[in-house]
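Visitor: Sequence first, then the predicted structure:
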Amino acid sequence: MEWEVVIGLETHAQLQTKSKIFSGSSTAFGAAPNVQANAVDIALPGVLPVLNRAAVECAIRLGLAVGGRIAARSIFARKNYFYPDLPKGYQISQYEIPVISGGSLAIIVGQGEQGYEKTVQLTRAHLEEDAGKSLHEDFHGKSGIDLNRAGTPLLEIVTEPDMRSSAEAVAYAKALHALVQWIGICDGNMQEGSFRCDANVSVRPKGSEKLGTRREIKNLNSFRFMQQAIDYEVHWQIATLEDGGRIEQATVLFDPATGETRAMRSKEDAQDYRYFPDPDLLPLEIIPEWIARVKAGMPELPAEMKLRFAPDYGLSAYDAAMLTVSRETAAYFEDCVAAAGRENAKLCANWLMGELAARLNKEGGEIAAAPISPLQLAALVRRIADGTISNKIGREVFDALWNGDAQDVDELISARGLKQITDGGAIEALIAEVLAANPKSVEEFRAGKEKAFNALVGQLMKATKGKANPQQVNELLRRKLSG
Amino acid sequence: MINRSLKELGAALAEKRISSVELATLFVERIERLNPTLNAFITVDKGKTLAMAREADQRLASGLAGPLTGIPLAHKDIFCTEGWLTTCGSKMLSNFVSPYDAHVVSRMKLAGLVTLGKTNMDEFAMGSSNETSFYGPVKNPWDTARVPGGSSGGAAAAIAARLAPAATGTDTGGSIRQPAALCGLTGLKPTYGVVSRYGMIAFASSLDQGGPMAKSAEDCAYLLSAMAGFDPRDSTSLDRPNEDYGRDLEKPLAGLTIGLPREFFGTGMAADVRSAVDAALAEYRKQGAVTVEVSLPNSGLSVPAYYVIAPAEASSNLSRFDGVRYGYRAPEYADLSDMYCKTRAQGFGAEVKRRILIGTYVLSHGYYDAYYLQAQKIRRLIANDFVEAFRHCDIIMGPTAPSTAFAVGAKSDDPVAMYLSDIYTIAVNLAGLPGMSIPCGFGEGNLPVGLQLIGNYFEEARMLNVAHRYQLATNWHKRMPENL
């Protein structure tokens, strides 16, 4: 039987506010345990929560960026359960009326020719507080509690079950990861847990309308683990069903060491969280003026930029999408085009998505910190465009810049003598030499072997150390041979 | 000196007829003598009290004093008080010394009041007789075989026995007004949001409200003016200009329309309460007020609605008492779950457990709509009843409690009978309105009777005026128990 995979994601994005969502404590990461936990965070008797406006503004930013509805009035609710790192015995979250509902995110799945665009619908996004951390090592059989993280603002962003493969899930997670950083609401640091995903995975016979029973994979904190976990889970679910088994609704954890998912608790153990509106907090009211103020302070959004890039720079929709995967990539591109000239935009895009992306990918690193600046790349592009150097020599220049062997493109070209030979007379003289030295190839070509022509071109390029203009060489050689 | 009003005490201090240290010593010595009988205080700390009094004396000497500077005051043990044991009447917090002051406590300190100690109360304010306290029942100074009411029973007994000139209290369903009535005092529950709840240990957050308890309306006006005011740390605190709640105390009452809810004057009220209340209404008419009948048709639903909403909020509010970070922890346990179970089983008393169970039940999946949501709808109807009633009157009056103080143990095995002792006060909390109780006579066995005044939202000053004019004409509020 053919199976269809159905995936929905829930993402917890830690919001970049200076203080916690309901207290004045700092949210900075990495402090000594419990030094960033005040009376409110440790839930002393009598303390009360006060909502942090900055956290609400982060939610508004996301709402605007995904085209969601920003609720004029939303409610904070208590989610009640006991756990040592949950100081109040309840988490303040939003339940029935979230601050954001609806919206969507466009994603690109795969690369190059296999790449395609897709839109993932969002269900909702709501504000809530994070819990503290339980530390189970180094306490001689006891557990330690660190409440520094308790009360850190989170935005939980929930999708519809719109994704059909682990690749789509990862593409969505990457797009959201880029977006939350783009709009400045989350630092995206997955190692520190600032951006973590839960994946709801089910499978159903292809063509079936009914959703299969889902299992939720908790706390995926890297894209690689997400891919592995979903692939394993899908494989496991299909194998179970094909063996005549049934899928039970469950929460599972992914073990990176074994590459397997394993059930943590079943639906039967599901807790009753006894949600009810938090009487300590008034309903959150967001007036249109507030939204307008937040909007005025927002950067241009990737979706808007993508629409602008295609006509402005003569790019395909795919190129425009690739260049707007992150705010840094887009900024790099625009800086590069500004220096290279709009007529060279496509060449800039090719170099950025080609050589630069490949090197960053290979060596690891962020585009904002790339060893080659947008201005250097622009200089390189200009010299290719005006025929000073060939594309092939361009790569040599790129390498030199990347390795820090040179800073200035023009200086490098003249110092290394990389300037393309475009003098027809000089090339013709060389052709004469090469033809004289390779009579066999000339004979073969004349006998109809096209390969021999390429061999002669190769010889010529070798003689010029690659500096001859390849098109010119082709043209002149063909004329000479047929003459 | 022990019978003086706060205004008189303030004048005596300002004129150096007595020092704050002398005044505090006077009350501390009375506490030392009478508290063993009454059990009104959980904690007294003479050293701390006298240190505060000395500071007050310095302020008095330097001319920086306000009208309340140097006057002693007792705090209900529900208010977090920096450096003081703050138990909330529970074993669960029997070792909890607060590292911070509640907003009310810091406001009172700012006004220069001297903390006399922490008064006994029903455990987590859950009770109407002060019998649920881990620290034992409080006795009513008018008859020590009887309860003082609750949950602010320690505060009421302390003032009635003149162990303190005044006290702070809290009122979730009548916990200021009912003990004030049963002990012959004046107590005021402000409009919800007028007094910050920060540092007031939460019982039912949407109903809890702190307020003053004292001998007279005038005293309460002084205290409320010092206590009230916006606090950004409490999201339900109202951002309104500060008020002098005593500004209208002397206003004549001619033209005042008093609404008498039909539902409050039915069969539930004891005869001696009824006659005292009727006599008080006659006095008001004498002063030029008119009485009209009004109706609160949904008030009969207030006790059931309250006993859904209050336990629901309490079940969640009390989750933080888990033995992990502070407070009581069971001495022996096998694992985390066992620690939670034993800590909470041993740390909470029976009434608290009952309400946690009720609250947990009504919030459970499948029951929420039937109970909690339904109760919230009733709450809205009750509030609307008052809106309608206030179209026809300026103030509402009736009994505070259906009977005078009942015997210790009389209702402790019958929770429903106990809950019904708040039948006239609960609707006020559900509506968020201000309410008061003032002494209006004595019933059988020379036990005080309370008259309840219910004002419209933010009409505390008006309510205090109406109470004060009555107290100018009567002396019920000046009586003190004998034979102590």
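Guide: All right, it came through fine.
Visitor: Quickly find the element holding residue B:355.
Guide: helix B:350-363 (DSSP states H and E).
Visitor: Which other helices and strands does that helix contact?
Guide: Using 3 or more C-beta pairs under 8 Å, 6 or more residues apart in numbering or on different chains; DSSP states H and E, the elements in contact with helix B:350-363 are helix B:302-317. C-beta: built from backbone N, CA, C; applies to glycine.
Visitor: Kindly format the C-alpha coordinates of the helix it packs on as PDB.
Guide: Taking Å, rounded to 0.1, in the frame of the first residue of the first chain, the C-alpha atoms of helix B:302-317 are listed here in PDB:
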ATOM      1  CA  SER B 302     -24.500  33.200  45.600                       C
ATOM      2  CA  VAL B 303     -23.400  30.500  48.100                       C
ATOM      3  CA  PRO B 304     -23.400  27.700  45.500                       C
ATOM      4  CA  ALA B 305     -21.700  29.900  42.900                       C
ATOM      5  CA  TYR B 306     -19.100  31.000  45.400                       C
ATOM      6  CA  TYR B 307     -18.400  27.400  46.500                       C
ATOM      7  CA  VAL B 308     -17.600  26.600  42.900                       C
ATOM      8  CA  ILE B 309     -15.500  29.700  42.000                       C
ATOM      9  CA  ALA B 310     -13.600  30.100  45.200                       C
ATOM     10  CA  PRO B 311     -12.500  26.500  45.500                       C
ATOM     11  CA  ALA B 312     -11.600  26.400  41.800                       C
ATOM     12  CA  GLU B 313      -9.200  29.300  42.100                       C
ATOM     13  CA  ALA B 314      -8.000  28.000  45.500                       C
ATOM     14  CA  SER B 315      -7.100  24.600  44.100                       C
ATOM     15  CA  SER B 316      -4.800  26.200  41.700                       C
ATOM     16  CA  ASN B 317      -3.500  29.000  44.000                       C
END
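Visitor: immediately after it, which helix or strand?
Guide: helix B:336-347.
Visitor: got the buried residues for the helix holding residue B:355?
Guide: Buried residues in helix B:350-363, counting neighbours by 16 or more other C-beta atoms under 10 Å in any protein chain shown, are found at B:351, B:352, B:353, B:355, B:356, B:358, B:359, B:360, B:361, B:362, B:363.
Visitor: immediately after that helix, which helix or strand?
Guide: Criterion used, DSSP H and E; the element after helix B:350-363 is helix B:374-389.
Visitor: Not counting the helix holding residue B:355 itself, show me its contacts.
Guide: With contacts defined as C-beta atoms under 8 Å, 6 or more residues apart in numbering or on different chains, helix B:350-363 is touched by A:80, A:274-276, B:90, B:122-124, B:126-127, B:132, B:307-308, B:310-316, B:318, B:345, B:348, B:367-368, B:371-372, B:375, B:415.
Visitor: Over to stretch A:404-412?
Guide: Contacts of stretch A:404-412 (C-beta under 8 Å, 6+ apart): A:371, A:376, A:379, A:380, A:383, A:397, A:399, A:400, A:401, A:415, A:418.
Visitor: Would you list the buried entries among those?
Guide: Buried among the contacts of stretch A:404-412 (16+ other C-beta under 10 Å): A:376, A:379, A:380, A:383, A:397, A:400, A:401, A:418.
Visitor: ok, now how distant is the first one from chain B?
Guide: Separation of residue A:376 from chain B (C-beta to the nearest C-beta, to the nearest Å) stands at 52 Å.
Visitor: show me what contacts that residue?
Guide: By C-beta under 8 Å, 6+ apart, the neighbours of residue A:376 are A:401, A:407, A:409.
Visitor: How about the fifth one?
Guide: Taking C-beta under 8 Å, 6+ apart as the definition of contact, the neighbours of residue A:397 are A:380, A:383, A:389, A:406, A:409, A:412, A:413, A:418.
Visitor: Among the buried ones among the contacts of stretch A:404-412, find me the one that's closest to chain B.
Guide: Chain B lies nearest to residue A:376 out of these, by C-beta to the nearest C-beta, at 52.2 Å.
Visitor: helix or strand for the closest one, which one?
Guide: With DSSP H and E as the test, residue A:376 turns up in helix A:374-385.
Visitor: chain center to that helix: distance?
Guide: 26 Å (C-alpha atoms, centre = their mean, to the nearest Å).
Visitor: swap in stretch A:257-267?
Guide: 27 Å.
Visitor: Could you tell me which helix of chain A is the longest one?
Guide: helix A:223-242 (DSSP state H).
Visitor: How about residues contacting that helix?
Guide: For helix A:223-242, using C-beta under 8 Å, 6+ apart, the contacting residues are A:1, A:3, A:5, A:7, A:166-167, A:169-170, A:173-174, A:197, A:199, A:201-203, A:212, A:215, A:217, A:220, A:246-247, A:252, A:254, A:256, A:259-261.
Visitor: For whatever residue of the stretch 51-200 of chain A ends up closest to chain B, which residues are in contact?
Guide: The nearest approach of the stretch 51-200 of chain A to chain B comes at residue A:89, 2.4 Å away (C-beta to the nearest C-beta). Taking C-beta under 8 Å, 6+ apart, we find residue A:89 in contact with A:43, A:80, A:81, A:82, B:316, B:318, B:319, B:320, B:322.
Visitor: filter the residues you listed to the buried ones?
Guide: Going by neighbour count (16+ other C-beta under 10 Å), the contacts of residue A:89 have A:43, A:80, B:316, B:318, B:319, B:320, B:322 buried.
Visitor: so can I have a markdown table of those residues showing pLDDT and distance to residue B:29?
Guide: Output for the buried ones among the contacts of residue A:89, formatted as a markdown table (pLDDT from 0 to 100; distance: C-beta to C-beta, whole Å):
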| residue | pLDDT | distance to residue B:29 |
| --- | --- | --- |
| A:43 | 98 | 39 |
| A:80 | 97 | 47 |
| B:316 | 98 | 43 |
| B:318 | 98 | 37 |
| B:319 | 98 | 42 |
| B:320 | 98 | 38 |
| B:322 | 97 | 40 |
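Visitor: Kindly reformat the residues you listed as JSON lines containing distance to residue A:459.
Guide: JSON lines is the format used below for the buried ones among the contacts of residue A:89 (distance: C-beta to C-beta, whole Å):
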{"residue": "A:43", "distance to residue A:459": "81"}
{"residue": "A:80", "distance to residue A:459": "81"}
{"residue": "B:316", "distance to residue A:459": "85"}
{"residue": "B:318", "distance to residue A:459": "89"}
{"residue": "B:319", "distance to residue A:459": "84"}
{"residue": "B:320", "distance to residue A:459": "84"}
{"residue": "B:322", "distance to residue A:459": "84"}
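Visitor: Please list all residues in contact with the closest residue to residue B:110 other than its chain neighbours.
Guide: Using C-beta to C-beta, 6 or more residues apart in numbering or on different chains and skipping the chain neighbours, the partner closest in space to residue B:110 is residue B:226 (7.7 Å). Residue B:226 is in contact with B:68, B:107, B:108, B:110, B:111, B:113, counting by C-beta under 8 Å, 6+ apart.
Visitor: quick one: secondary structure of the third one?
Guide: By that I understand residue B:108. helix (DSSP: H, G, I helix; E, B strand; the rest coil).
Visitor: Run a quick neighbour tally on it.
Guide: Residue B:108 has 26 neighbouring residues, counting by other C-beta atoms under 10 Å in any protein chain shown.
Visitor: how close does it sit to residue B:225?
Guide: 11 Å (C-beta to C-beta, to the nearest Å).
Visitor: re the thing from before, ok, then the element right after the helix holding residue A:376?
Guide: helix A:391-403.
Visitor: Which residue is the nearest non-sequential neighbour of the closest residue to chain A within the stretch 201-350 of chain B?
Guide: Nearest residue of the stretch 201-350 of chain B to chain A: residue B:319, at 2.4 Å (C-beta to the nearest C-beta). Distances taken as C-beta to C-beta, 6+ apart place residue A:89 nearest to residue B:319, at 2.4 Å, with adjacent residues excluded.
Visitor: about what we covered before: helix B:374-389 and the helix holding residue B:355, what's the angle between them?
Guide: 100 degrees (axes from the mean of the first three to the mean of the last three C-alpha atoms, to 10 degrees).
Visitor: where does chain A have low pLDDT?
Guide: Scanning chain A for pLDDT under 70 picks out A:112, A:267-269, A:483.
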